[in-house]
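Engineer: quick one, structure for this:
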Amino acid sequence: MREHWTIQVRFERISEIVCEPGVLSHGVLTAKALAAPQILLIHDPLVAEHARILAERLLSDGRTVTTKAWTIDEHDKNLNTVSQLYDWFGDHLVRRDSLVVALGGGVLTDTVGFAAATYLRGIAWVAIPTTLLGQVDAAIGGKVAVNLPHGKNLAGAFHLPRAVYVDPDVLKTLPLVQWQAGVGEVMKTALIAGGTLFKRLNGPPVRFGDPVWANLIAETIRYKVNIVNQDLEESGARLYLNFGHTVAHGLEQALGYGTLTHGAAVGLGCRVALALSETTLGLDPRVRTQVESWMRLWQLPMTLSGVDWDRVLLAIGQDKKAQAGGQRWILLEQIGKPMVQKGLEPDLVRDTLTKVLDDSDSV
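Structural biologist: Just a heads-up that it's a prediction; the model follows:
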């Protein structure tokens, strides 16, 4: 399978996306997108061998390459880590014509991308995501961000990578927790996109590591690319990609970043968004039942215990989609038909949140 797109958006910025099993093991990674007089390769220690091979290949083409292994977990996705990246850039005399390459998971991709977006008012970067979350979400579309004490991804920018290389083969050795960290984004996309992606998940059980994931990843990327082409800076259709995220981000902040994987938080957020969609838009309850069957298959949590729901609601109120007129929720009229809903009563949100997610009173 080979999937290949080009995103073209305002200011003539171009981001090439190659999705292909084995892409990390052949010469496409020496393409024009990686041409620069100085390359800084930041990688997760877990993919050190991939980093070594890539660096050797780039060096053989005459480039200057500096590598650094950097562990960036969810609780490190903050301005302190960005400041350390700035210092490292400064130590290596990074210039406007330098290129930063992020090789690793979604959190590393977000953090390194944000540092590239803001150092010297923006330097070029390339994303090579090596986890499911990175491949279907963090590396696609040019949104880069880090967390603040007041909320998830509140410090961010739109900074398209020069290229994204997605290799589904690297997922074969992912531990269960890394699959779970990314699967919420695939599930969310299936709900708002409908079509083939939803049908695949709604067919025979799709287990982690099944060969079908190469196609699921490609279809998830394709949908997001189409949305980004319409709306780079999230003023319209791109808001739909936040389905399930209002509650998810609130949970991640209130419980402490890293307590839940992002995929688990999005799964829980989707349950709440679907329940609100049933109440306000008449969505068929069987949709939520189907989603819950996926979550059980993938061993995602269905409920939570010992949660301060007031704290979660406060975090939800600080979500970056909020406007002066109130919180904007992404709900579902039917499969493949999301919409922006404003003006939900706070009591309805609270009652739905606790009814669906509190394990003492779950449905």
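Engineer: ok, residues contacting the host helix or strand of residue 87?
Structural biologist: Under the criterion of DSSP states H and E, residue 87 resides in helix 79-91. Residues from elsewhere that reach helix 79-91 (CB atoms under 8 Å, 6 or more residues apart in numbering): 40, 42, 68, 72, 111-112, 114-115, 118-119, 146, 148, 155. Just so you know, the C-beta spots here come from the backbone N, C-alpha and C atoms, and that holds for glycine as well.
Engineer: how about 6 Å then?
Structural biologist: The contact list for helix 79-91, computed with CB atoms under 6 Å, 6 or more residues apart in numbering, reads 111, 115, 119, 146.
Engineer: in the strand or helix carrying the first one, what's buried?
Structural biologist: Using DSSP H and E, residue 111 maps to helix 106-118. Using 16 or more other CB atoms under 10 Å as the test for burial, helix 106-118 gives 106-118.
Engineer: between the residues you listed, which is nearest residue 63?
Structural biologist: Using CB to CB, residue 116 comes nearest to residue 63 of these, at 17.2 Å.
Engineer: check the closest residue in space to residue 196 that isn't next to it in sequence and give its pLDDT.
Structural biologist: Nearest non-adjacent residue to residue 196, counting by CB to CB, 6 or more residues apart in numbering: residue 219, 6.1 Å away. With respect to pLDDT, residue 219 scores 94.
Engineer: just checking, residue 219 touches residue 195?
Structural biologist: No - assessed by CB atoms under 6 Å, residue 219 is found out of contact with residue 195, at 8.3 Å.
Engineer: higher neighbour count, those two?
Structural biologist: residue 219 (22 against 12; other CB atoms under 10 Å).
Engineer: please name every helix or strand in contact with whichever strand or helix holds that one.
Structural biologist: Following DSSP H and E, one finds residue 219 within helix 213-230. Here helix 213-230 is seen to pack against strand 3-8, helix 176-193 when contacts are counted using 3 or more CB pairs under 6 Å, 6 or more residues apart in numbering; DSSP states H and E.
Engineer: the contacts of helix 79-91: which two are farthest apart?
Structural biologist: With distances taken as CB to CB, the most widely separated pair in the contacts of helix 79-91 is 119 and 146, at 13.4 Å.
Engineer: neighbour count winner among these two?
Structural biologist: Comparing residue 119 with residue 146 by neighbour count (other CB under 10 Å), the higher total belongs to residue 146, at 23 against 18.
Engineer: surely residue 40 and residue 66 touch.
Structural biologist: Yes - the criterion here is CB under 6 Å, and residue 40 meets it with residue 66 at 5.2 Å.
Engineer: between those two, which one's more packed in?
Structural biologist: residue 40 (24 against 15).
Engineer: residues touching that one, list them.
Structural biologist: With contact taken as CB under 6 Å, 6+ apart, residue 40 is in contact with 66, 100.
Engineer: nice, that's everything, thank you.
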